[in-house]
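In: Mind looking at a prediction? Sequence and model below.
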Amino acid sequence: MNRKHLIIVPFITVIITGCSIPEQTVMTEKPVQVPVLQKYEEFQKDTVSGDTVSLQPDTITLPQAIKLALLHSPELKVYSYNLRAWDAEILQQSLLPNPEAGLELENIAGGKDYRGAGASEITLSVGQLIELGKKREKRTRVAALSGNLAAWDYESKKLDVYTRVLKTFYNILALQEQLAQSRRLLQLAEELSLSIEKRVLAGASSPAEQARAKIEVERAAMTVESIRYQLKAAHAALAATWGDDIATFRAAKGSISIPDQLPDLGSLKLLLVQNPDLKRMEAVRKKREADIALQKALGVPDPVISFGYRRLNEISTNAFVAGVSIPIPYFDRNQGNIKKAQIFYQQTEAEKQALQITLSNRLTLLYQRLKDLQSQAHNLHDKIIPQAEGSLDILRQGYREGKYSFLEVLDAQRSLFAAYTRYLQIQSEYRDTVSSIERLTGQSLTTVAGNNQ
């Protein structure tokens, strides 16, 4: 091997050895889907075994609505682009710095023997920055861990979409029940009005009672119309979760009944570890740890190795040149950025503890609200509504026999409707609270209650 090769080989070897990053240095832990969403892992498919997901169902079920939202949600599409952008960022950070080409002319346009270009020296060179301290590895890992944070944000957003679908769907079910009860009230008002009309013709009641009865019919009809508009708006809100402007389904199919059993609060608090916002904090810790390693590596100066060809016109010969330059880390050793990265790392634990406390307190408040709603619902269903129905039947029968006044019947009728309305509102609030708890725990409350039995 001649001297030329002895100069070229080390330069090429240094470049080649830095051209790849071992795969294990950039591998990171990807987010695991929260349990409550695991049964919808096949949501990417339009057809799931035994359950066809259609964009235009006549009657929609909760699983269908969830799958449609997870598949077509505009919000989730935005996050998917973000994930792809981070993949591109990881690629960018893994690339080698570009080499530099140089051209240098010496000994030209001088005096005496150096006039013109007869004694000139022309040097063509190529230089390459050699990154020490595994900088490329470490910045690629930082990019990968930042991409993991985006992936956790995506999981949180999926859970947000899931929760929104639950709340909207159960609101629709409650409004459907409320519409049915309002129509029943309208029917009762019409029957009572017809009965009074007969009594007026028979001279047993005054025309004033007939006028009041007609007003009650109009009031009941207005309530029916109002609930219909609310239901139409709720349909549109549900369709919006999968990106449709208009709801093509006509009704939602499901139940908003309140169960007798609830899981205990302690079991639910143990599930907070599944909260994606809390699990994201571990990814934050790893990313900030990688930030420290990168900033320390950036404090190591990087040499530039160059190799070139030189033409010496004065003696009509050629030569090769090689060189190296390296910054002297006298003033700037990146010490400020290292310190900042270390402070942010120390901050991570405080952020995690604060989030844990916030989630635990919110879960406690929601759970107590759930217990209160459950108690109210059972009281209304088992006591108040049956008593109100019985009272109305007695008063209606007594009114026909002349024992009670029209106003007593009307008051009983309104009381029954108010009790039904409150019962449906409580059912809706209960389901809304359940959805919020499932957002915190990442687990279906029904599943947790079943496991505790």
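Out: Right, received. Where do you want to start?

In: if I look at residue 442, how far off is residue 271?
Out: From residue 442 across to residue 271, the span is 7 Å (C-beta to C-beta, to the nearest Å). Placement of C-beta: from N, CA and C, glycine included.

In: So between these two, which is more surrounded?
Out: residue 442 (25 against 21; other C-beta atoms under 10 Å).

In: If you average pLDDT per helix and strand, which one of the protein comes out bottom?
Out: strand 47-48 (a mean of 37; mean pLDDT, DSSP states H and E).

In: what number of residues lie near residue 66?
Out: 23.

In: isn't it right up against residue 162?
Out: Yes - contact between residue 66 and residue 162 holds when scored by C-beta atoms under 8 Å: they sit 6.1 Å apart.

In: so residue 403, which of the three states?
Out: Assigned with DSSP: H, G, I helix; E, B strand; the rest coil, residue 403 falls in the coil class.

In: try residue 132
Out: Strictly by three-state DSSP, residue 132 counts as coil.

In: give the contact list for the closest residue to residue 89 other than its chain neighbours.
Out: The shortest distance from residue 89 to any non-neighbouring residue, by C-beta to C-beta, 6 or more residues apart in numbering, is to residue 143 (4.9 Å). For residue 143, the contact set (C-beta atoms under 8 Å, 6 or more residues apart in numbering) comprises 86, 89, 90, 92, 93.

In: from those, which would you call buried?
Out: 86, 89, 90, 93 (16 or more other C-beta atoms under 10 Å).

In: Of these, which is the nearest to residue 275?
Out: Nearest to residue 275 out of these is residue 86 (C-beta to C-beta; 22.3 Å).

In: would you say that closest one is within a helix?
Out: Yes - in this structure, residue 86 lies within a helix as judged by three-state DSSP.

In: For it, list the residues it contacts.
Out: Contacts of residue 86 (C-beta under 8 Å, 6+ apart): 143, 146, 147, 150.

In: Can you list which of those residues are found in helices?
Out: The helices, defined by DSSP state H, take in 143, 146, 147, 150 from the contacts of residue 86.

In: Among the residues you listed, which one has the most neighbours?
Out: Most neighbours among the ones in helices among the contacts of residue 86, by other C-beta under 10 Å: residue 143, with 24 neighbours.

In: gap between it and residue 154?
Out: Where residue 154 is concerned, residue 143 sits at a distance of 17 Å (C-beta to C-beta).

In: residues of stretch 285-297 that come out buried?
Out: Using 16+ other C-beta under 10 Å as the test for burial, stretch 285-297 gives 285-297.

In: With respect to residue 266, which of these is nearest?
Out: Distance to residue 266 across these (C-beta to C-beta) is lowest for residue 285, with 26.7 Å.

In: Counting neighbours, what do you get for residue 108?
Out: Neighbourhood size, residue 108 [other C-beta under 10 Å]: 15.

In: who's in contact with the residue positioned nearest the centre of the chain?
Out: For the chain, the residue sitting closest to the mean C-alpha position, by C-alpha atoms, centre = their mean, is residue 157 at 0.7 Å. When contacts are counted by C-beta under 8 Å, 6+ apart, residue 157 touches 75, 76, 79.

In: Residue 312 is in contact with residue 123, correct?
Out: No - Residue 123 is beyond contact range of residue 312, at 9.7 Å (criterion: C-beta under 8 Å).

In: sorry, back to before: separation between the residue nearest to residue 89 and residue 78?
Out: Counting by C-beta to C-beta, the gap from residue 143 to residue 78 is 20 Å.

In: With residue 194 instead?
Out: Taking C-beta to C-beta, one finds residue 194 at 57 Å from residue 78.

In: repeat for residue 407
Out: From residue 407 over to residue 78 (counting by C-beta to C-beta), the distance is 58 Å.

In: One more: residue 302?
Out: Per C-beta to C-beta, residue 302 is found 38 Å from residue 78.

In: neighbour count winner among those two?
Out: Ranked by neighbour count (other C-beta under 10 Å), residue 302 and residue 78 place residue 302 first, with 16 against 11.

In: That one and residue 134 touch, don't they?
Out: No - if you go by C-beta under 8 Å, residue 302 and residue 134 don't touch, sitting 11.6 Å apart.

In: related to what we said a few turns ago, of all pairs in the ones in helices among the contacts of residue 86, which one is the farthest apart?
Out: The two members of these with the most space between them (C-beta to C-beta) are 143 and 150, at 10.6 Å.

In: neighbours around residue 382, how many?
Out: Look at residue 382: counted by other C-beta under 10 Å, it has 10 neighbours.

In: And for the one 4 residues further on?
Out: In terms of burial, residue 386 registers 12 neighbours under the definition other C-beta under 10 Å.

In: likewise residue 441?
Out: Residues near residue 441, counting by other C-beta under 10 Å: 25.

In: per-residue confidence for it?
Out: Note for residue 441: predicted pLDDT of 92.

In: what's the closest non-adjacent residue to it?
Out: Here the nearest residue to residue 441 in space, its sequence neighbours aside, is residue 271; by C-beta to C-beta, 6+ apart that works out to 3.9 Å.

In: Give me the residues contacting stretch 254-272.
Out: 61-62, 169-170, 173-174, 177, 278, 356, 359-360, 363-364, 367, 370-371, 373-374, 377-378, 424, 426-428, 430-431, 437, 440-443, 445-446, 448-449, 451-453.

In: Which ones among those map onto helices?
Out: Those of these lying in helices (DSSP H): 62, 169-170, 173-174, 177, 278, 356, 359-360, 363-364, 367, 370-371, 373-374, 377-378, 424, 426-428, 430-431, 437, 440-441, 445-446, 448-449, 451-452.

In: So which bits of the helix or strand hosting residue 387 are buried?
Out: Following DSSP states H and E, one finds residue 387 within helix 385-400. The neighbour-count check on helix 385-400 (16+ other C-beta under 10 Å) flags 385, 388, 391, 392, 395, 396, 399 as buried.

In: Do a quick rundown of the helices in the protein.
Out: Counting by DSSP H, the helices of the chain are 3-17, 35-38, 62-72, 74-93, 135-201, 207-240, 265-270, 276-298, 335-379, 385-400, 406-441, 445-452.

In: re earlier: among the contacts of residue 157, name the buried ones.
Out: Taking 16+ other C-beta under 10 Å as the criterion, what is buried in the contacts of residue 157 is 76, 79.

In: any chance of the contacts of residue 157 in CSV, plus distance to residue 216 and pLDDT?
Out: Converted to CSV, the contacts of residue 157 look like this (distance: C-beta to C-beta, whole Å; pLDDT from 0 to 100):
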residue, distance to residue 216, pLDDT
75, 45, 90
76, 48, 91
79, 52, 88
